[in-house]
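S.K.: kindly generate the corresponding structure for this input.
(one chain, ligands or ions: 2)
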Amino acid sequence: MAVPTIALYASPPSSVCSSPYPCQINAHATYDFELNSRSSSTTSSSASSSQKPIVGGLSRLFSSPAVKHASFSGDREELGSLWHDRGDELKELGSSFCYTPSKYLAGSSIKRDQSPVSVLHGQVSCSSSPPMKTTRERSGCDVGFQSSIHGPYRGGANGLFNRFVRNALGSCVDYDSPSFEVRRDGVDYGSSSVAVDELTFAMEDSFVQANYEPYAKKLLLGAQSRHKIFCDDFVIKAFYEAEKAHRGQKRASGDPYLEHCVETAVLLAIIGANSSVVAAGLLHDSLDDSFLSYDYIFKTFGAGVADLVEGVSKLSQLSKLARENNTASKTVEADRLHTMFLAMADARAVLIKLADRLHNMITLDALPLVKQQRFAKETLQIFAPLANRLGISTWKEQLETLCFKHLNPDQHRHLSARLVESFDEAMIASAKEKLDKALTDEAISYNLHGRHKSLYSIHCKMSKKKLNMDQIHDIHGLRLIVENKEDCYRALRVVQCLWSEVPGQFKDYITNPKFNGYRSLHTVVMGEGTVPLEVQIRTKEMHLQAEFGFAAHWRYKEGDCKHSSFVLQVVEWARWVITWQCETMSKDSPSIGCDDSIKPPCTFPSHSDGCPYSYKPHCGQDGPIFVIMIENDKMSVQEFPADSTVMDLLERAGRASSRWSAYGFPVKEELRPRLNHRPVHDATCKLKMGDVVELTPAIPDKSLSDYREEIQRMYEHGSATVSSTAPAVSGTVGRRS
Ligand SMILES: Nc1nc2c(ncn2[C@@H]2O[C@H](COP(=O)(O)OP(=O)(O)OP(=O)(O)O)[C@@H](O)[C@H]2O)c(=O)[nH]1
Ligand SMILES: Nc1ncnc2c1ncn2[C@@H]1O[C@H](COP(=O)(O)OP(=O)(O)OP(=O)(O)O)[C@@H](O)[C@H]1O
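M.R.: Ligands and ions are numbered 1, 2, ... in the order given. From the prediction side, this is the model:
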């Protein structure tokens, strides 16, 4: 029997601190620095076994508010909403495409998920040998961690490998900068100090001519003293434009808005981003929150910067929407969002967005509590996982620990205090020294780095495994990367001779690799004192496998999540691009291309003419597409097969939105789609990764149910009178008002 369809129509409704860095959480940087301090003349403190500077340092690292001039953009991330006014929609009603699901159901052909591409699971061939630190190279000098990276580990064919090592170390700092500046607050800014009188740019004149506020000049000089890239004319030009764009704007803390732009750009510079990315970092909010247009940025800085700024703007809009809808609290949708963000645009836009968010999190205290929590939740659900996927472990850890502090202040305080008690940096420094010597005596070439586990990572491990802090054995960890498998076992014997092993903690994942191919030797030893020390030993090849592919650390951290090969490819690609870009751009002579053996096992698309390192979005051909669907103001992240169209989406939405009347027949509504804020005229147009499709029923939800109830009452009571508020009702045709 044919089911009657009722279409209803009605009127639409009217519709930082003096130290801008998180000294309390930047544990990696500080720790690395302390360990490196013996070989650095610029260091402000050293870790000797007689001292325990870390205790004071750690209390600063983990517990103190530390942010003196907290500043935040307030609702800045919530400003500039692009979500259209329903009133606009009305004007376009006549021209917009209207969809009634029944019209299209017959011809529907939703394809099955066609996940593409085999990816990233093979072994990485690693034929070349980066110059490991040999006994000869280090003879006669007491080499610390930093010198393991300096010297033979700088640039050249091995630059990228070194970058991985640094990433794992938790630092993407441009070690080639002339000097490390360590400020009095103990925070390693990892930047070169540049004397102001060395500046090539006639700043004084420009400031006077352009009538800049004195604070602007101070901000630029401050940035220049922290990283040399701020002396680049292109970056200075971007600074001026950002200054003009945000002149007069203040953050919730009362600080000039420009400060946030500068701090975002400094974070990017520190991880080695090039001048385009740093310039885009300075301008990242200018499209949303100022008079600057895409065209203007395009004309002034070129397509590269304009596209990046636009990409950041889109990410901001989408993340705001997700925040408002609590979308990322659902694992599946969060996972789709992560992939979509990485795949829909240049991955460097995500990098800028992450820097922006990190600075906002650092200065979160200026916001009311409820907003602090909302931002922290969103950051934990969306941005920390993105930083994890991109392999930027320092940012990931800073974001997570800040979120932890805002979401679980009591636990954060308690754990910080415990960690201050149990952390023993002097022990690590001395253990490292011993290992250094013993490996040298055995003539084993190695790269050694260490980290201490972040507060949030400790917290997670404790909760997940139901352990107390004493049962966490890897709070202090060393990682040895050696030339070959034999050296792994030789190095292990060295470790075993030096210290007693904690029983039951030795794992030989080389002889018995994990199911995902992860290979490494793990042991836990008791160092000098009572604190356990985890030592991981692996070859370079094994290390690359632990960074990319199935055994990649980000996947290990995401745990139970099952990812399609498409997701793996997107992440690995984005990660590689970021690593690649940062590595390439921060060196005078690019190292990429010199050593094919360290490329990850995936296929790269060709780069654009004249730019061997430019990024090109690579997905969209075969892989699924993730799009944002907004229906009745509710957001969801939908996955579609490649080549899906707006029509496919409407079909899916139509099926979902068919409602059953009290009489057992579906009530179907017309849905009016807008694609990226524009009415859709042709429903066969293809969907792209990151598209936003808004669907509005011809009648708003609330009115519909009111009307239905009224109609039902009407039938039940046999009344012929319909309220004047109800719309005309007919079989399939309605009245638009
Ligand atoms: N990249 C990567 N690293 C891994 C993987 N599995 C383990 N690891 C590293 O190895 C460390 C601990 O591994 P195991 O010794 O197996 O640890 P466990 O058996 O879970 O015991 P805990 O040390 O208590 O966690 C982690 O901290 C990681 O650094 C993996 O699949 N990929
Ligand atoms: N023993 C170690 N020495 C040096 N770096 C390590 C060591 N163990 C882990 N890392 C690195 O430290 C970073 C932070 O890892 P994190 O401490 O959060 O987790 P994990 O120790 O790898 O895993 P889990 O928490 O499951 O033990 C990662 O880049 C990881 O590869």
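S.K.: next secondary structure after whichever helix or strand Ile352 is part of?
M.R.: Using DSSP states H and E, Ile352 maps to helix 347-362. Once helix 347-362 ends, the next helix or strand along the chain (criterion: DSSP H and E) is helix 369-378.
S.K.: residues in contact with that following helix?
M.R.: 75, 77, 319, 322-323, 328-329, 360-361, 364-365, 367, 402-403, 406-407 (C-beta atoms under 8 Å, 6 or more residues apart in numbering). For glycine as for every other residue, the C-beta is placed from the backbone atoms N, C-alpha and C.
S.K.: closest to ligand 1 out of those residues?
M.R.: Cys403 (20.7 Å; C-beta to the nearest ligand atom).
S.K.: got the residues of this protein near ligand 2?
M.R.: Contact residues (C-beta under 6 Å from any ligand atom) of the chain with ligand 2: 168, 393, 449-451, 453-454, 457, 461, 474, 477-479, 534, 536, 553.
S.K.: what's the most distant pair in these?
M.R.: His449 and Lys461 (20.3 Å; C-beta to C-beta).
S.K.: follow-up on the earlier one: now the buried members of the contacts of helix 369-378.
M.R.: 77, 319, 322-323, 328, 360-361, 364-365, 367, 402-403, 406 (16 or more other C-beta atoms under 10 Å).
S.K.: mind putting the residues you listed in TSV, pLDDT included?
M.R.: Supplementary listing: those in TSV, determined by pLDDT from 0 to 100:
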residue	pLDDT
Glu77	49
Ser319	87
Ala322	87
Arg323	86
Ala328	81
Asn360	96
Met361	96
Leu364	95
Asp365	92
Leu367	92
Leu402	96
Cys403	97
His406	96
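S.K.: related to what we said a few turns ago, look at His449 and Lys461 and report which has more neighbours.
M.R.: His449 (23 against 17; other C-beta atoms under 10 Å).
S.K.: helix, strand, or coil at the more buried one?
M.R.: Recorded secondary structure, His449: strand (DSSP: H, G, I helix; E, B strand; the rest coil).
S.K.: so it versus ligand 1, what's the distance?
M.R.: 13 Å (C-beta to the nearest ligand atom, to the nearest Å).
S.K.: pretty sure that residue contacts Arg479?
M.R.: Yes: between His449 and Arg479 there is a contact under C-beta atoms under 8 Å: 5.6 Å.
S.K.: quick one: is stretch 505-524 near ligand 1?
M.R.: Yes: shown here: stretch 505-524 in contact with ligand 1 (C-beta under 6 Å from any ligand atom) through 507, 514, 516, 518, 522.
S.K.: so which of the residues you listed sits lowest on pLDDT?
M.R.: Scanning the residues of stretch 505-524 next to ligand 1 for pLDDT, the low point is Asn516. It has 86.
S.K.: and it, how far is that from ligand 2?
M.R.: Taking C-beta to the nearest ligand atom, one finds Asn516 at 14 Å from ligand 2.
S.K.: now that residue. Its backbone dihedrals?
M.R.: phi -90, psi 0 (degrees, to the nearest 10).
S.K.: before we move on, the earlier item: could I get the buried ones among the contacts of helix 369-378 as TSV with distance to ligand 1?
M.R.: Shown next, in TSV, are these (distance: C-beta to the nearest ligand atom, whole Å):
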residue	distance to ligand 1
Glu77	32
Ser319	27
Ala322	28
Arg323	30
Ala328	24
Asn360	29
Met361	25
Leu364	29
Asp365	32
Leu367	34
Leu402	22
Cys403	21
His406	26
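S.K.: nearest to ligand 2 among those?
M.R.: Set against ligand 2, the nearest of these by C-beta to the nearest ligand atom is Cys403 (14.3 Å).
S.K.: tell me what the strand or helix carrying the closest one is packed against?
M.R.: Element membership for Cys403, per DSSP H and E: helix 393-407. For helix 393-407, the elements it packs on are helix 27-36, helix 347-362, helix 369-378, helix 384-390, helix 409-422, helix 455-465, judged by 3 or more C-beta pairs under 8 Å, 6 or more residues apart in numbering; DSSP states H and E.
S.K.: worst average pLDDT in the ones you listed?
M.R.: Looking at the helices and strands packed on helix 393-407, the bottom one is helix 27-36 with a mean of 28.
S.K.: and stretch 235-249, what's buried?
M.R.: Residues 235-246, 249 are the ones in stretch 235-249 that count as buried (16+ other C-beta under 10 Å).
S.K.: wait, I meant stretch 280-300
M.R.: 280-290, 292, 297-298.
S.K.: what stretches of the stretch 601-737 of the chain score poorly on pLDDT?
M.R.: 601-622, 655-670, 698-707, 718-737 (pLDDT under 70).
S.K.: again, 80 this time
M.R.: 601-623, 632-633, 654-671, 696-737 (pLDDT under 80).
S.K.: which stretches of it form strands?
M.R.: Using DSSP state E, counting those that start in this stretch, the strands of the stretch 601-737 of the chain run over 625-631, 634-640, 659-660, 666-667, 671-675, 678-679, 692-697, 729-730.
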